[in-house]
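>>> Provided below for reference: sequence and predicted model.
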Amino acid sequence: MGASGTKPSLDGAIDADGHILEPPDLWERYLEDKYRDRALRLRTDSDGLEIIEIDGKPSWTGYPGFPGLLGGMGREDLTPSADVTYVGNSPPAAMEVAARVQRMDEEGVRKTILYPTLGLFLCEIRDPDLFTAHCRAYNRWIIEFCSDSGGRLIPIAQISLESDPVEAARELEACVKAGAKGGFFLPFTWKRKSPGHPDYDPIWAKAQELGIPLAIHPTADPGPLDVHKRFDELAQNKPHFNFNWYMDVLVSQGMMQSFVSLFHYGLFDRFPAVKMVVLESQAGWIGYLLD
């Protein structure tokens, strides 16, 4: 707040890490036919609570009732219940183009760079072909969604590090040609290969050729790599587990490991013009990392 108690002006600001709440049936509509019955979707459990289902199984990172809380940022009063649903509790600006642009006007934000919300749960998919198909489906949708915003909403493509890197580079190029302004990937893979590994050079080479940034965005770690495996009583679904504690305090660990791998393999020596973005993982650690 300013000295007078008023909000400081954000006129002309760019929101570099905005999120969208995707339609709950996005992947059922946009996945290729052969993957559609394995789509990420919302279901209701026996207690009437919404759950995220992925590849026919309940999510292990999103507990029952969690989907309904995704639209409640800043609302400490919300608790999981059958009455708190993903769509019902989503503010219009989280799901609708016109409402989002209006909210940006009210806040003085000129452009918003968009990343997924449900799409971050794709980290649970172990089948590389299914994971990659989900990325393609999201990319088609987000580019279409942003196309009606008059350039105010900026789509960023989700790039699969689980698939063939040459295929991923082709997807990145296709998305940029369709309107995406960059790509992002998750910090870990099920094949346990870091993003700096030379096997991923086709992706980095394509990003450099296109002149667009690539970003790392945090998510819950794949099960075997979950930081909570270190302490049994702090594991998910245990009484002392706190999702916000995990995300706010520990999420930067995975991001640091992923980011450092780029230097370990000398990626910026091979691709000196690559633009890199590290998202939503604090920034204080950069100082001692460089030290």
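That came through, no problem. Numbering: from 1, shown residues only.
>>> who does the longest helix along the chain touch, helix- and strand-wise?
In the chain, ranked by residue count with DSSP state H as the criterion, the top helix is helix 128-146. Secondary-structure packing of helix 128-146 (3 or more C-beta pairs under 8 Å, 6 or more residues apart in numbering; DSSP states H and E): helix 26-30, strand 153-155, strand 157-158, helix 165-178. No exception for glycine: its C-beta is placed from N, CA and C like everyone else's.
>>> avg pLDDT for the second one?
The predicted model gives strand 153-155 an average pLDDT of 99.
>>> And for the first one?
With pLDDT averaged residue by residue, helix 26-30 scores 99.
>>> which outside residues touch the next helix or strand after it?
Per DSSP states H and E, the first helix or strand lying C-terminal to helix 26-30 is strand 41-44. Outside strand 41-44, the residues that touch it by C-beta atoms under 8 Å, 6 or more residues apart in numbering are 24-25, 27-28, 50-53, 58, 67, 82, 86.
>>> now strand 41-44: how far from the chain's centre is it?
Mean C-alpha position of strand 41-44 versus that of the full chain (C-alpha atoms, centre = their mean, to the nearest Å) differs by 19 Å.
>>> Check stretch 159-178 too.
16 Å.
>>> What residues of it count as buried?
159-163, 165, 168-169, 171-173, 175-176 (16 or more other C-beta atoms under 10 Å).
>>> cool, stretch 100-108 as well?
Of the residues in stretch 100-108, 100-101, 103-104 count as buried by neighbour count, 16+ other C-beta under 10 Å.
>>> what's the closest of those residues to Glu124?
Comparing the buried residues of stretch 100-108 against Glu124 with C-beta to C-beta picks out Arg100 as the nearest, at 27.4 Å.
>>> give the contact list for that closest one.
By C-beta under 8 Å, 6+ apart, the neighbours of Arg100 are 20, 93-94, 112, 149, 152-153.
>>> Out of those residues, which is nearest to Arg75?
Comparing these against Arg75 with C-beta to C-beta picks out Ala94 as the nearest, at 12.7 Å.
>>> Please tell me I have it right and that closest one contacts Ile20.
Yes: using C-beta atoms under 8 Å, Ala94 is in contact with Ile20, at 6.7 Å.
>>> between these two, which one's more packed in?
Neighbour count, other C-beta atoms under 10 Å: between Ala94 and Ile20, Ile20 has more, with 24 against 19.
>>> what pLDDT does the more buried one get?
pLDDT, Ile20: 97.
>>> Dump the buried residues of stretch 100-108 into a markdown table; add secondary structure as well.
Output for the buried residues of stretch 100-108, formatted as a markdown table (DSSP: H, G, I helix; E, B strand; the rest coil):
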| residue | secondary structure |
| --- | --- |
| Arg100 | helix |
| Val101 | helix |
| Arg103 | helix |
| Met104 | helix |
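>>> what two of these have the greatest distance between them?
Pairwise distances across the buried residues of stretch 100-108 (C-beta to C-beta) peak at 7.3 Å, for the pair Val101 and Arg103.
>>> Tell me the secondary structure of the residue lying closest to Ser59 once chain neighbours are set aside, please.
Once flanking residues are discounted, Ser59 sits nearest to Ile52: 3.9 Å by C-beta to C-beta, 6 or more residues apart in numbering. Ile52 carries the three-state label strand when classified by three-state DSSP.
>>> Run a quick neighbour tally on Ile52.
The tally of other residues near Ile52 (other C-beta under 10 Å) stands at 24.
>>> The chain should start at 29 in everything you say after this.
Let's use 29 as the start, then, which means that last one is Ile80.
>>> List the contacts of it.
Counting by C-beta under 8 Å, 6+ apart, Ile80 makes contact with 68-71, 86-87, 90, 94-95, 146, 149.
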